[in-house]
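**Student:** Structure here, sequence nowhere to be found:
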């Protein structure tokens, strides 16, 4: 319910739908913002149309025009939905106001009476069905102008968190819309999940709870946690927190694996930055490359590589290369190896002695 207007707006009484067997209807929303449930019908559970609500229906819904519709009347039929549940609550509120309205009453008085008189323990309500099922008789017996007491609600918040793979904390805003100080009891249910905040909330005051997630000792998997807020006499809140813990991955040494059986080469490695590129010290070397050769001990960053196939090494150390391969802009990360093929091109180049790696 927290994801939809007007349910997630202030000064709204949020109604969910129940089926005929004290069970949340299969189509009904749930969540921390639901205040009360009311009959909406549910034909899915037992595949019976009589499990819907018998009410007035649109004259054109069946494609046939009944004699009653033709004469301007209304026809009746079985329908289901929260559109049937909400009018049940509206009708009870109308009877309550007819019997007991006073000038001092507010919408909070009405909401409090509905929730205090509701019947709890509906089935299929793991994600929240408010105070329970509407009880019209009990609601009409409630004194609407009596003190409300503490009444803690979400303060302009969706009522659900999705931490995904990486989020570790979030703020949950609350407000006491009652007329008495609320003593808060906080509880977090879920591996690695915790909640902290104030222990009391004055009438009309707001506060923020801090929800934290420590994944370090949690097994990999997907979780649906719960943050519960209880006050001494008012309704409780339950906010869902969804999160995922990934399998731990030991950081690997960043490396570049070169693939090609090219034999004896001089290999040069450059670190690329906004200032250009720099030949890494100790990274101009002669190697007899096998088919796969791993360059490791590289810090994360951007690299260029040059490989010169050695045809001849002169007495002064000068290298004559007859083949050449170049790899540009290789991105190396903290947990990744990069595979690259060395595609050689014919060339004739004289390279500096290996003792002078910084010359061209």
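**Tutor:** Received it, and whenever you're ready, just let me know what you need. Bear in mind the structure is a predicted one, so any value in this text is a computation, not a measurement. Residues are numbered from 1 along each chain as shown.

**Student:** who touches residue 136 in this structure?
**Tutor:** Contact analysis of residue 136 by C-beta atoms under 8 Å, 6 or more residues apart in numbering lists 88, 92, 95. Where C-beta positions appear, they are placed from N, C-alpha and C, glycine not excepted.

**Student:** Can you pull the phi/psi pair for residue 92?
**Tutor:** Dihedral angles of residue 92 (phi, psi; degrees, to the nearest 10) stand at phi -70, psi -40.

**Student:** Would you quantify the distance from the closest residue to it other than its chain neighbours to residue 102?
**Tutor:** Leaving out its chain neighbours, the residue that sits closest to residue 92 by C-beta to C-beta, 6 or more residues apart in numbering is residue 136, at 4.8 Å. From residue 136 across to residue 102, the span is 20 Å (C-beta to C-beta, to the nearest Å).

**Student:** Just checking: what are the partner strands of the helix or strand encompassing residue 323?
**Tutor:** Per DSSP states H and E: residue 323 is located in strand 319-332. Sheet partners assigned to strand 319-332 using DSSP bridges are listed as strand 301-313 (antiparallel), strand 345-351 (antiparallel).

**Student:** what's near enough to touch residue 80?
**Tutor:** Taking C-beta under 8 Å, 6+ apart as the contact definition, residue 80 lies against 17, 25, 27, 40-43, 51-53.

**Student:** Dump the residues you listed into JSON lines; add neighbour count, pLDDT and secondary structure as well.
**Tutor:** Formatted as JSON lines, these follow (neighbours: other C-beta atoms under 10 Å; pLDDT from 0 to 100; DSSP: H, G, I helix; E, B strand; the rest coil):
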{"residue": "17", "neighbour count": "26", "pLDDT": "89", "secondary structure": "strand"}
{"residue": "25", "neighbour count": "28", "pLDDT": "85", "secondary structure": "coil"}
{"residue": "27", "neighbour count": "15", "pLDDT": "86", "secondary structure": "coil"}
{"residue": "40", "neighbour count": "27", "pLDDT": "87", "secondary structure": "coil"}
{"residue": "41", "neighbour count": "24", "pLDDT": "87", "secondary structure": "coil"}
{"residue": "42", "neighbour count": "25", "pLDDT": "86", "secondary structure": "coil"}
{"residue": "43", "neighbour count": "18", "pLDDT": "82", "secondary structure": "coil"}
{"residue": "51", "neighbour count": "18", "pLDDT": "82", "secondary structure": "helix"}
{"residue": "52", "neighbour count": "21", "pLDDT": "84", "secondary structure": "coil"}
{"residue": "53", "neighbour count": "21", "pLDDT": "84", "secondary structure": "strand"}
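
**Student:** Closest one of the residues you listed to residue 324?
**Tutor:** Distance to residue 324 across these (C-beta to C-beta) is lowest for residue 27, with 68.0 Å.
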